[in-house]
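Participant: got a predicted structure here, sequence first:
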Amino acid sequence: MSVYFYIPNLIGYARVICALVFCYTGSFDPIVSAVAYSVSQLGDLFDGMAARKFKQCSVFGSVLDMVTDRFSNACLLAVLYKLYPTIGFLFLWALALDLCSHWYQMYSTLYCNEKHHKTAVSKYKILEIYYKVPYMLFIMVLLSETAMVTLYLNVFIDWFFIQALMYVSVPFLCLKHYINFIQLISASDKIIEKESNKI
C-alpha cells in the first residue's frame with residue numbers, strides 16, 4: 001500500500017478539509033466553523049493512534065501532522081486577527097511565532113541528528129515539563145485550542161459558558177506561546193552549538 005493511503009494520512013487529509021471548511025465559513029457561520037475546526041484538531045489525537053495501531057508510522061505522516069497543525073492554527077489566528085482589530089496584532093505575532101518556532105525545532109532536530117524533539121534533552125526546564133510530564137502536552141494543547149475556539153465564538157454568541165471557558169483558558173494560550181518562544185530559543189541554541197563545534 002502506498003504511504004499516501006495509510007490510515008493516519010487519510011485522517012490528516014480529512015483534517016485539512018475541515019480546516020478549509022473553517023476558512024470558508026469563518027466569517028459568517030460560527031457553529032459550522034467551530035465544529036469544523038474542532039474536528040480538525042481532534043483528528044490530531046487519532047492520526048497518531050492509528051499510525052501505531054496499524055503500524056503505519058511514516059516520515060510523510062509526521063510532516064503532514066505537523067504541517068496540518070500549523071495550517072489549522074494559522075487559519076484560526078488569521079480569523080481572530082480580523083475579529084479583534086484592536087488587539088489583532090497579537091494574533092499575528094502568535095501566528096508568526098508558532099510557524100517559526102516549530103520550523104526551527106524541526107530543522108534543529110534534523111541538523112543535530114536527534115530522533116525527535118519531544119524526547120531530546122533540553123536545558124530549559126519548562127520544555128522538559130511540557131514534553132515529558134505525562135499528559136502535560138495534551139492538557140496544554142487542549143486548553144490553548146479551547147481558548148482560541150472560545151475567543152472566536154465569543155464574537156458571535158453571547159453565552160456565559162463560552163465566556164467562562166474563554167477566561168479560564170486564555171492564560172494557557174499565553175503560556176503555550178511563551179513555550180513556543182522558549183522552543184525557538186532552544187532550537188537556535190542547538191543549531192549554534194553544533195555549528196560552533198565544527199569551527
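Facilitator: That came through fine.

Participant: which residues does Val63 contact?
Facilitator: Counting by C-beta atoms under 8 Å, 6 or more residues apart in numbering, Val63 makes contact with nothing. No exception for glycine: its C-beta is placed from N, CA and C like everyone else's.

Participant: off-centre distance for the helix or strand it falls within?
Facilitator: According to DSSP states H and E, Val63 maps onto helix 59-83. Remark: helix 59-83 is offset 7 Å from the chain centroid, using C-alpha atoms, centre = their mean, to the nearest Å.

Participant: quick check: buried residues in that helix?
Facilitator: The neighbour-count check on helix 59-83 (16 or more other C-beta atoms under 10 Å) flags 61-62, 64-65, 68-69, 71-81, 83 as buried.

Participant: count of residues packed around Ser110?
Facilitator: Small correction: residue 110 is Leu, not Ser. Residues within reach of Leu110, counting by other C-beta atoms under 10 Å, total 9.

Participant: element containing it?
Facilitator: helix 88-111.

Participant: following that helix, which helix or strand shows up next?
Facilitator: Heading C-terminal from helix 88-111 (DSSP H and E), you reach helix 125-132.

Participant: can I get that next one in CSV, CA atoms only?
Facilitator: Extracted as CSV, the C-alpha positions of helix 125-132 are listed here (Å, rounded to 0.1, in the frame of the first residue of the first chain):
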residue,chain,number,x,y,z
LYS,A,125,13.1,23.1,32.5
ILE,A,126,9.8,24.3,31.0
LEU,A,127,10.4,22.3,27.9
GLU,A,128,11.3,19.2,29.9
ILE,A,129,8.0,19.6,31.8
TYR,A,130,6.0,20.3,28.7
TYR,A,131,7.2,17.3,26.7
LYS,A,132,8.0,14.7,29.4
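
Participant: how far off centre is that helix?
Facilitator: Centre-to-centre, helix 125-132 and its host chain are 16 Å apart (C-alpha atoms, centre = their mean).

Participant: that helix packs against which elements?
Facilitator: helix 136-156, helix 160-198 (3 or more C-beta pairs under 8 Å, 6 or more residues apart in numbering; DSSP states H and E).
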